[in-house]
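Chemist: I'd like to go over a predicted model; first the sequence, then the structure.
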Amino acid sequence: QEQLVESGGGLVQAGGSLRLSCTAHGNIVSINVMDWYRQAPGKQRELVASITSGGVANYADSVKGRFTISRDNAKITVHLQMNSLKPEDTAVYYCHAPIVRVRYRGDVEVWGQGTLVTVSS
C-alpha cells in the first residue's frame with residue numbers, strides 16, 4: 001500500500017519557522033507532482049504549494065515569499081519550509097500526490113495523514 005508520511009508539524013509563535021517533510025513509501029515507479037494542502041478549522045482544504053519532479057513550483061498567494069517547497073526525487077521526499085508564520089497559517093497540513101505510478105497497478109492518488117501546525121499570536 002502506497003503511503004505519504006508527514007513530519008515536522010508543531011506549535012510555533014508568530015514570526016517563527018517550521019519545516020514539514022513528506023516521504024512516499026510503497027512500490028512506486030514515479031511521482032510527477034507532489035503538493036501540500038492545508039485545512040483550517042471550519043474551512044475548506046486549500047492548495048498551499050506544489051512542485052513537479054522537474055522542480056517547477058507554484059504557491060498560493062497567501063504564502064508566496066514566506067513558504068518554499070522543495071523535493072528530493074531520489075528519496076521521493078518533499079519539504080515545505082515555512083517562514084514568517086502567522087496565526088492564520090494554523091491548520092492541518094496534508095501531503096498529496098495526485099498521480100502516483102505504482103508498479104503492476106497503474107496510477108493512484110495518495111494523501112498523507114496530516115500534520116498539525118499551530119501558530120500562536
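Modeler: Received, thanks. Numbering: from 1, shown residues only.

Chemist: Report back the residue of the chain that's furthest from centre.
Modeler: Most distant from the centre of the chain: residue 104, at 26.3 Å, with distances by Cα atoms, centre = their mean.

Chemist: what's near enough to touch the spatially most central residue of the chain?
Modeler: Most central in the chain under Cα atoms, centre = their mean is residue 36, positioned 2.8 Å from the mean C-alpha point. Residue 36 is in contact with 20, 22, 47-50, 69, 78, 80, 93-96, counting by Cβ atoms under 8 Å, 6 or more residues apart in numbering. In short, each C-beta sits where N, CA and C put it, glycine included.

Chemist: so what strands line up beside the helix or strand hosting residue 11?
Modeler: According to DSSP states H and E, residue 11 maps onto strand 10-13. Sheet pairing of strand 10-13 (DSSP bridges) gives strand 115-120 (parallel).

Chemist: distance of residue 79 from residue 42?
Modeler: 28 Å (Cβ to Cβ, to the nearest Å).

Chemist: Looking at the two, which is more packed in?
Modeler: residue 79 (19 against 5; other Cβ atoms under 10 Å).

Chemist: residues in contact with the helix or strand hosting that one?
Modeler: Applying DSSP H and E as the criterion places residue 79 in strand 77-82. Residues outside strand 77-82 that contact it (Cβ under 8 Å, 6+ apart) are 17-24, 34-36, 48-49, 51, 63, 66-72, 89, 93, 95, 117.

Chemist: how far is the lengthiest strand in the chain from where the chain is centred?
Modeler: The residue-count maximum for a strand in the chain (DSSP state E) belongs to strand 91-102. Centroid separation between strand 91-102 and its chain, computed with Cα atoms, centre = their mean, to the nearest Å, is 7 Å.
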